[in-house]
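Engineer: after the sequence you'll find the predicted model.
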Amino acid sequence: MATENSRWGKFQQVMEKNILALTLMVALVVSVGGIVEIVPLFYLDSTMEDTARNPDGSAKFPDVLWQRGEGQTLADWKPGEGVRPYSALELAGRDVYQREGCYLCHSQMIRPFRDERERYGHYSLAVESKYDHPFQWGSKRTGPDLARVGGKYSDEWHRQHLRDPRALVPESVMPRYPWFDEASIDGTGMQARMRAMRMLGVPYIDADIEAAPALVEGKTEMDAMVAYLQVLGTMINFREGRDYRE
């Protein structure tokens, strides 16, 4: 044991005194780490749940994406039927969420650890962010993770919480957003945003975009924020015992 300790001790001294040797060793370690992460991409059929296939070619997880039927609109979607594009009002709420920097204090990514699952629910899947540009994973939790907040509280709870967080959570450090009640949503502007999302690959159809002004008419930013928060985590009906990882 002493010999081993002495050997590693000498190795450490060499690394500490020889900057070239230390640089080469760091490069070697980083390269190995990179190879370990990259190599699986060459033999995995898919890294996304919506494109994973069984040996017979059938979809491995056919219910993670919403399959829009002929003539269906976003309003025909029901919770649990799969990931879909945001409605005009939800997309407006997401824009407000980004504008106010909510992602700086709330993550939207549940990691596959026991404590995370027990507190927030099923771990996040990559496909849940398929239509997010940009995604809202976040890395800081001054407030709780919001990936599965949809349906956890009533609409009125969210409204009151946004107006005055400390009225419901006394220890909260979240700012108040009372102006959401007064700010209205621009329907024509939402059409432009939905067209931009379509250019980025979000499968909005013409009917979705044409219907946007009527769907947001008379709505406020408060309505939009509540609609966005209430849809988070409700798109996939997670089945007990199924491992969604590829």
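Structural biologist: Structure received. Residues are numbered from 1 along each chain as shown.
Engineer: and the longest helix along the chain, what does it pack onto?
Structural biologist: Scanning the chain for the helix with the most residues, using DSSP state H, yields helix 19-38. Contacts defined by 3 or more C-beta pairs under 8 Å, 6 or more residues apart in numbering; DSSP states H and E place helix 19-38 against helix 2-17. (C-beta placed from N, C-alpha, C; glycine too.)
Engineer: which residues in this protein form helices?
Structural biologist: Using DSSP H, helices in the chain cover 2-17, 19-38, 40-43, 88-99, 114-120, 155-163, 187-199, 206-216, 221-231.
Engineer: next, format these as TSV and append mean neighbour count, distance to residue 67 and mean pLDDT.
Structural biologist: Listed next are the helices of the chain as TSV, based on neighbours: other C-beta atoms under 10 Å; distance: least, C-beta to C-beta, whole Å; pLDDT from 0 to 100:
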stretch	mean neighbour count	distance to residue 67	mean pLDDT
helix 2-17	10	56	75
helix 19-38	10	32	90
helix 40-43	8	27	76
helix 88-99	21	19	97
helix 114-120	12	27	92
helix 155-163	16	28	98
helix 187-199	16	18	96
helix 206-216	17	16	96
helix 221-231	23	18	98
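Engineer: mind checking which of those is nearest residue 76?
Structural biologist: helix 206-216 (11.1 Å; C-beta to C-beta).
Engineer: quick one, the closest one and helix 221-231 angle?
Structural biologist: 130 degrees (axes from the mean of the first three to the mean of the last three C-alpha atoms, to 10 degrees).
Engineer: what lies in contact with helix 206-216?
Structural biologist: 73-74, 85, 87-89, 92, 185-188, 190-191, 194-195, 198, 224 (C-beta atoms under 8 Å, 6 or more residues apart in numbering).
Engineer: same check, this time on stretch 160-175
Structural biologist: Contacts of stretch 160-175 (C-beta under 8 Å, 6+ apart): 105, 142-143, 153, 157, 176-178, 180-181, 222, 225-226.
Engineer: what of stretch 176-191?
Structural biologist: By C-beta under 8 Å, 6+ apart, stretch 176-191 touches 88-89, 91-92, 96, 100, 162-165, 209-210, 212-225.
Engineer: let's go with 6 Å and repeat that
Structural biologist: The contact list for stretch 176-191, computed with C-beta atoms under 6 Å, 6 or more residues apart in numbering, reads 88, 92, 162-164, 209, 212-213, 216-217, 219-222, 224.
Engineer: what about that stretch, how long is it end to end?
Structural biologist: 29 Å (C-alpha to C-alpha, to the nearest Å).
Engineer: so what's residue 100 closest to, chain neighbours aside?
Structural biologist: Spatially, and ignoring its direct neighbours in sequence, residue 100 is nearest to residue 177 (6.9 Å; C-beta to C-beta, 6 or more residues apart in numbering).
Engineer: dump the residue contacts of the closest residue to residue 61 other than its chain neighbours.
Structural biologist: Spatial nearest neighbour of residue 61, excluding adjacent residues (C-beta to C-beta, 6+ apart): residue 49 at 4.8 Å. Neighbour list for residue 49: 61, 64, 125, 127, 244 [criterion: C-beta under 6 Å, 6+ apart].
Engineer: so what's the backbone phi/psi at residue 49?
Structural biologist: With angles defined as degrees, to the nearest 10, residue 49 sits at phi -60, psi -30.
Engineer: gap between it and residue 87?
Structural biologist: Look at residue 49 and residue 87: by C-beta to C-beta, to the nearest Å, they are 23 Å apart.
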